[in-house]
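[1] Sequence below, structure please.
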Amino acid sequence: QVQLVESGGGLVQPGGSLRLSCTASKNVLSINEMGWYRQPPGKTRELVASLTHGGNTNYHDSVKGRFTISRDNAKNTLYLQMNNLKPEDTAVYYCKASYYYTGNDYWGQGTQVTVSS
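    This next block holds a predicted model:
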């Protein structure tokens, strides 16, 4: 089992930037895949970006060119750099860790991102 703690959310104006962090209680290199998901108000949760153990990335079309997912192995931390934020990016952002062998997924508690003028 792994615990995930997100931070870095907040209120930002359109065009602004935020960096989300997700610190894991275990070595992130032991996790097959980590990702950021978001759930806008009244909508279902969706994948924003993912990063595999091997370094492969995947992004939602709406964030390509604006968001970057990365990992600091020494700090056991996953990041999401979000630039040129738009009001439609407003959501609760969640970090997820996936283990392929067991099929288990673990989620953080979420962090609120609000983009508004």
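
[2] and the residue nearest the centre of the chain, what helix or strand is that in?
    By Cα atoms, centre = their mean, the mean C-alpha position of the chain lies nearest to residue 36, the distance being 2.5 Å. Using DSSP states H and E, residue 36 falls within strand 33-39.

[3] Can you list the strands that that strand pairs with?
    Strand 33-39 sits in its sheet next to strand 46-52 (antiparallel), strand 91-99 (antiparallel), going by DSSP bridges.

[4] what comes up buried for the longest one?
    Residues of strand 91-99 classed as buried under the neighbour-count rule (16 or more other Cβ atoms under 10 Å) are 91-98. Just so you know, the C-beta spots here come from the backbone N, C-alpha and C atoms, and that holds for glycine as well.

[5] Which of those sits closest to residue 59?
    Of all the buried residues of strand 91-99, residue 59 sits closest to residue 93, with 14.0 Å by Cβ to Cβ.

[6] Now do the contacts for the residue nearest to residue 75 when sequence neighbours are not counted.
    Setting aside the residues directly before and after it, residue 75 is nearest to residue 23 in space (Cβ to Cβ, 6 or more residues apart in numbering), at 7.1 Å. When contacts are counted by Cβ atoms under 8 Å, 6 or more residues apart in numbering, residue 23 touches 4-5, 7, 75-77.

[7] where does residue 23 land in three-state SS?
    Under DSSP: H, G, I helix; E, B strand; the rest coil, the three-state class of residue 23 is strand.

[8] in the sheet, who's paired with it?
    Listed by DSSP bridges, the beta-bridge partners for residue 23 are residue 5, residue 77.

[9] I'd like the numbering to begin with 180 instead of 1 from here.
    In the new count, where the first residue is 180, that last one comes out as residue 202.

[10] and it, how far is that from residue 243?
    Taking Cβ to Cβ, to the nearest Å as the measure, residue 202 falls 26 Å from residue 243.

[11] any idea how far residue 276 lies from residue 198?
    19 Å.
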